[in-house]
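Q: Below are the sequence and a predicted model; questions follow.
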Amino acid sequence: MDGMFSPEAMQSLMNYAPFILMGIVFYFVLYRPQKRQEKARNEMLASIKRGDRVVTVGGIHGMITKLSDDGIVVLEVADKVELTFNRSAISGVIPK
């Protein structure tokens, strides 16, 4: 035997090569960046603290006045006006 695979086995492997290549491309183009973005969002949500200015997914801007361990965030959106949100509703921290 001069090769590791027979010609029939090589032909069969070549038939599956486009699917394998497509799987690799999908991993690097779609799955991996999405996981990286999800990790960054989770780190941002874990690092928010009282006094941070944030924006919600609905576009409401406010300052965090209270945080609870069960995922509740209270935002002051105007003088003496506070709204309660889930922590997951925070879309980003506004830089100072």
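A: That came through fine. Numbers count the residues shown, from 1 in each chain.

Q: contacts and neighbour counts: CA atoms only from here.
A: Fine.

Q: Point me to the residue sitting closest to the centre of this protein.
A: For the chain, the residue nearest the mean C-alpha position is Glu38 (1.7 Å; Cα atoms, centre = their mean).

Q: Next up, phi/psi of that residue, please.
A: The phi and psi values for Glu38, taken as degrees, to the nearest 10, are phi -60, psi -40.

Q: and the gap between it and Phe26?
A: Separation of Glu38 from Phe26 (Cα to Cα, to the nearest Å) stands at 17 Å.

Q: Select the longest helix from the protein.
A: Secondary structure of the chain per DSSP state H: the longest helix is helix 7-26.

Q: for it, packing partners?
A: Using 3 or more Cα pairs under 8 Å, 6 or more residues apart in numbering; DSSP states H and E, no helix or strand is in contact with helix 7-26.

Q: ok, so what distance separates Ala9 from Ile24?
A: 22 Å.

Q: now Ile94
A: Here Ile94 is placed at a distance of 36 Å from Ile24 (Cα to Cα).

Q: same deal with Arg32?
A: Separation of Arg32 from Ile24 (Cα to Cα) stands at 11 Å.

Q: Check Lys35 too.
A: As for Lys35, its distance to Ile24 is 15 Å (criterion: Cα to Cα).

Q: ok now the longest helix of the chain, how far from the chain's centre?
A: The chain centre lies 31 Å from the centre of helix 7-26; the measure is Cα atoms, centre = their mean, to the nearest Å.

Q: Show the average pLDDT along that helix.
A: For helix 7-26, mean pLDDT rounds to 89.

Q: can you offset everything so residue one is 5?
A: Got it, the first residue is 5 from now on, which makes the last one we talked about helix 11-30.

Q: Show me the contact partners of that helix.
A: Contacting residues not belonging to helix 11-30 are not present [Cα atoms under 8 Å, 6 or more residues apart in numbering].
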